[in-house]
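Colleague: Show me how the following folds:
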Amino acid sequence: MTTPTDNQELSLEGSIDRVTFHAPDSGWAVISVTCAPSGERITAVGNLSDPTVGENVALFGEWIDDARYGRQFRFSRYHLVRPSTDDAIISYLSGGQVEGIGPVMAARIVGHFGEDTLDILDLEPKRLREVEGIGRVRAESIAVAWRKHEKTRQAMLFLHEHGITGALAAKIVAAFGDRTVEVVERDPYVLARRIRGVGFATADGIARSVGIDPRDPARLQAAMVYTLHQATGEGHLFLPRDELIEHAARLTSVEVELFDAALAQLADSGEVALEERPGADAVFLPDLLDAEREVAMRVLALASSGYGGASGIEQTRACVAGVGDAGGVSLSDEQTAAACSALTEGITVITGGPGTGKTTVIRVLVSACKALGRRVSLAAPTGRAAKRMGELAGCDASTIHRLLAYDPFRGAFTYHQDRPLEADTLIIDETSMVDLPLARDLLRAMPDGAQIIFIGDADQLPSVGPGNFFRDLVASEAVPVHRLTVIFRQAERSLIVANAHRLIAGEKPMLVTWKERGDRDCVFIHSQDPERAADLVIRAVTRELPGLGYGRDQIQVITPMHRGALGVGEINRRLQEALNPPHPKKAELSSGKQTLREGDRVLQVVNNYDKLVYNGEIGRVVRVNRSDRTLVANFDDVDATYEFSELDQLQLAYAMTIHKSQGSEYPVAVIVMHSTHYIMLRRNLLYTALTRAQNLAMIVGNSVGVMRAASNAEEMRRHTRLGERLRGEAPLAGRTARLDV
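Modeller: Modelled structure (predicted):
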């Protein structure tokens, strides 16, 4: 250890004998180190990737005097050093990182090989059989575990040196295993393409450090592919060529003229697909181009097929009237026309706002199918939507993913074009949430001669995933579309329904204050100051609404954005603190920007086919195992276990974005609508938020924000060509365009 003089970078070397604290998300650690050769024990603080007892480290930093914790060595960088003494090697091997070696076995191995132990493990692992109690099989298993440990150790250190630590580094190593360093050095941009949470800037930093030229075609290609993936996350199926190049040029700070050749190479290699389009070629990720063309072909085939199971429109009309009478349901002319069309066409779309009787039509369709002897299946995009659909229709319903039966071992749906569903009629609710790839998978599983009925609200926000399937279908005029517009008497009394339809008509909503509410089901709580508005949200959830008899699981906060005092992150943090505070009996795990503890309500934010838990499903943390850093969450009686590297698939769900709330309804929706979210405020956002509430919609914000949303009919355009293909204005198949450079 160098002389501990203040205010200069010092170095010390020693063995970690205790990890007092480690935050996996940031890498911040407090460790106890026994220094060599003095044997002095000191406390060191700094960023470490996965510190392990017994590991030898060289630390570089300075001594500080902390007012609370006393003298500490604060290091700014470090590197790992192999232990060299017998005791250090025993401590290192028995630290739990090498499977098959505990303290007793480590002492035996070191007792036989001494200070040469690590070299033996590296170069001559077969010699382990010289140690008493180690046979051929055990020697081989220890050798395999040692090689894996060493490569993982080097990979974690490599990533740490490039600024990637904690859970993100663990996720990268989990993806690439002992080939991590080799893969990342060869193509750093694979991180941006393959690893959720790694952006282009991080991958680009590694690329620059390993010597990749800023104008290297591989870098420009990576920027364009990354931009396309980002666009997919924003709902686009493609980007116009000029728009793609402009975005990539800004990302890389490279002149746009250099991108033409790089894009041509991408197209030649098949990494992107180009399709001619007036004004500019459309640049797709190939799978999305194939998916859009296939969906268009299958929709048009269904539209031209009719439905052979019907014996005629009059018989169908009589059946619809009969089941309506039997159920005590008086159908409007719109509902009758929609139901009759749905039962006689290969594909039908039924759309309408709240209170227009879509659920009644579903109930009638189910009863009519049963009366006609048809096998009927009901499905919706999310578990909550499917559960509500089944309860209201009086028939079993499932999520689309469960209907298609995803097989995690094969990595594909069980039902597809070669093994279709066993159904004559398929009814899909909340279709506005269905993205284009899921629509393709659903249409693939349709049996020959079957019919499909898409039901939803075209005025809601589009799907979270890519495409605008339902809206494109409604606008195409290529399939029968029935619009329900009549508001039924029981819904006329609802201010939620009235305001929703006022928004559709381009009118301002009626804002009733909390004091004026009476028995009205839509109220407005005003606050010009966003911090004060956030306080009102917390108070409403924790005091006012429980005082009206609503339980915490009946209340959902929904807000336009993630950041800021009124964003998802901060409101979740405050509600977690109020509703599920830390407790000695509640274990927790910290990952990224959040802490998840037992009892927390959580939202799944990506599809996880292996766990059978899908984007948008809400569950609860039922168990946290701090020793192996795993978490178990329950989703509708399905227990899903998450490794530490998978925790970014979960978010706290006391509050969520309005986009994520689609397909769900809540007894009470606390809707944040404030002018500080100006960039997000659109009519369909407010409309979607309002229609999430069943009994009470409480809007918290300012009138400027609400009226901005109500008056802004402009929608964020999604680049899709499905409507054009359905109208015959874009190809259903054929060769993609080539760029001449």
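
Colleague: how about residue 133, what does it touch?
Modeller: For residue 133, the contact set (CB atoms under 8 Å, 6 or more residues apart in numbering) comprises 105, 108. C-beta here means a position set from N, CA and C on the backbone, and glycine is covered the same way.

Colleague: how far away is it from residue 139?
Modeller: Counting by CB to CB, to the nearest Å, the gap from residue 133 to residue 139 is 11 Å.

Colleague: How about residue 104?
Modeller: Applying CB to CB to residue 104 and residue 139 gives a distance of 16 Å.

Colleague: which one of the two has more residues nearby?
Modeller: Neighbour tally, residue 104 and residue 139, criterion other CB atoms under 10 Å: the higher count belongs to residue 139, 18 against 10.

Colleague: for the more buried one, phi and psi?
Modeller: Residue 139 adopts backbone torsions of phi -60, psi -40, taken as degrees, to the nearest 10.

Colleague: and what of the one 5 residues further on?
Modeller: Dihedral angles of residue 144 (phi, psi; degrees, to the nearest 10) stand at phi -60, psi -50.

Colleague: which regions of the stretch 501-650 of the chain sit below the pLDDT cut-off?
Modeller: For the stretch 501-650 of the chain, the stretches flagged by pLDDT under 70 are 592.

Colleague: likewise the stretch 101-250 of the chain?
Modeller: Applying pLDDT under 70 to the stretch 101-250 of the chain picks out residues 163, 165-167.

Colleague: Helices along that one, start to end?
Modeller: For the stretch 101-250 of the chain, helices defined by DSSP state H, counting those that start in this stretch occupy the ranges 103-113, 117-123, 136-161, 166-176, 180-186, 190-194, 200-209, 217-233, 241-252.

Colleague: For the closest residue to residue 153 other than its chain neighbours, list the residues it contacts.
Modeller: Nearest non-adjacent residue to residue 153, counting by CB to CB, 6 or more residues apart in numbering: residue 80, 6.9 Å away. Taking CB under 8 Å, 6+ apart as the contact definition, residue 80 lies against 55, 56, 57, 58, 153, 157.

Colleague: Measure how buried the nearest residue in space to residue 155 that is not next to it in sequence is and give me the count.
Modeller: Nearest residue to residue 155, sequence neighbours excluded (CB to CB, 6+ apart): residue 180, at 3.7 Å. Applying other CB under 10 Å, we find 22 residues neighbouring residue 180.

Colleague: Quick check: bridge partners of the residue nearest to residue 153?
Modeller: Beta bridges link residue 80 to residue 57, judged by DSSP bridges.

Colleague: Quick check: it vs residue 182, distance?
Modeller: Computed as CB to CB, the residue 80 to residue 182 distance reads 19 Å.

Colleague: next one: residue 55
Modeller: Distance, residue 55 to residue 182, by CB to CB: 23 Å.

Colleague: pLDDT score for the residue nearest to residue 153?
Modeller: For residue 80, the pLDDT comes out at 75.

Colleague: Which strand or helix spans residue 584?
Modeller: If you go by DSSP states H and E, residue 584 is not part of any helix or strand.

Colleague: residue contacts, it?
Modeller: Here residue 584 is in contact with no residue (CB under 8 Å, 6+ apart).

Colleague: Determine whether the claim that residue 544 is in a helix is correct.
Modeller: Yes - counting by DSSP: H, G, I helix; E, B strand; the rest coil, residue 544 is located in a helix.

Colleague: Could you tell me how many residues sit around it?
Modeller: Number of residues near residue 544 (other CB under 10 Å) recorded here: 15.

Colleague: Check residue 647 too.
Modeller: Neighbour count for residue 647, taken as other CB under 10 Å: 23.

Colleague: ok, which stretches of the stretch 401-550 of the chain are strands?
Modeller: Remark: strands assigned in the stretch 401-550 of the chain by DSSP state E, counting those that start in this stretch are 406-407, 412-413, 425-428, 451-456, 481-484, 522-526.

Colleague: Just name the most buried of the ones you listed.
Modeller: Highest mean neighbour count among the strands of the stretch 401-550 of the chain (mean count of other CB atoms under 10 Å): strand 451-456, with a mean of 26.

Colleague: by contact count, what packs against it?
Modeller: If you count contacts as 3 or more CB pairs under 8 Å, 6 or more residues apart in numbering; DSSP states H and E, strand 451-456 packs onto helix 333-344, strand 347-352, helix 358-371, strand 425-428, helix 469-476.

Colleague: Rebuild the ones you listed as TSV, extending it with distance to residue 496.
Modeller: TSV is the format used below for the helices and strands packed on strand 451-456 (distance: least, CB to CB, whole Å):
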stretch	distance to residue 496
helix 333-344	21
strand 347-352	15
helix 358-371	15
strand 425-428	24
helix 469-476	22
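
Colleague: Would you mind giving those as a markdown table with mean pLDDT and distance to residue 624 added?
Modeller: Output for the helices and strands packed on strand 451-456, formatted as a markdown table (pLDDT from 0 to 100; distance: least, CB to CB, whole Å):
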| stretch | mean pLDDT | distance to residue 624 |
| --- | --- | --- |
| helix 333-344 | 88 | 47 |
| strand 347-352 | 94 | 43 |
| helix 358-371 | 89 | 39 |
| strand 425-428 | 95 | 37 |
| helix 469-476 | 94 | 38 |
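
Colleague: Would you tell me which of the ones you listed gets closest to residue 67?
Modeller: Closest approach to residue 67 among the helices and strands packed on strand 451-456 (CB to CB): helix 469-476, 60.0 Å.

Colleague: List of residues touching the closest one?
Modeller: Taking CB under 8 Å, 6+ apart as the rule, helix 469-476 contacts 295, 299, 349, 351, 431-432, 434-436, 439, 454, 456, 458, 462-463, 479, 481, 720, 722-723, 726-727.

Colleague: can you give me the helices in the stretch 501-650 of the chain?
Modeller: In the stretch 501-650 of the chain, the helices defined using DSSP H, counting those that start in this stretch lie at 530-539, 545-547, 568-579.

Colleague: Which one of those lies nearest to residue 126?
Modeller: Among the helices of the stretch 501-650 of the chain, helix 568-579 comes nearest to residue 126, with 53.4 Å by CB to CB.

Colleague: All the strands of the stretch 601-741 of the chain, in order from the start?
Modeller: Along the stretch 601-741 of the chain, the segments classed as strands by DSSP E, counting those that start in this stretch run 601-604, 618-625, 630-635, 638-642, 650-652, 655-657, 666-673, 693-701.

Colleague: Make CSV out of the ones you listed and add distance to residue 124 and mean neighbour count.
Modeller: CSV is the format used below for those (distance: least, CB to CB, whole Å; neighbours: other CB atoms under 10 Å):
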stretch, distance to residue 124, mean neighbour count
strand 601-604, 48, 24
strand 618-625, 37, 18
strand 630-635, 36, 20
strand 638-642, 39, 17
strand 650-652, 45, 23
strand 655-657, 56, 25
strand 666-673, 64, 25
strand 693-701, 69, 24
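
Colleague: Rebuild these as a markdown table, extending it with distance to residue 15.
Modeller: Below are those laid out as a markdown table (distance: least, CB to CB, whole Å):
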| stretch | distance to residue 15 |
| --- | --- |
| strand 601-604 | 39 |
| strand 618-625 | 28 |
| strand 630-635 | 28 |
| strand 638-642 | 32 |
| strand 650-652 | 36 |
| strand 655-657 | 45 |
| strand 666-673 | 52 |
| strand 693-701 | 55 |
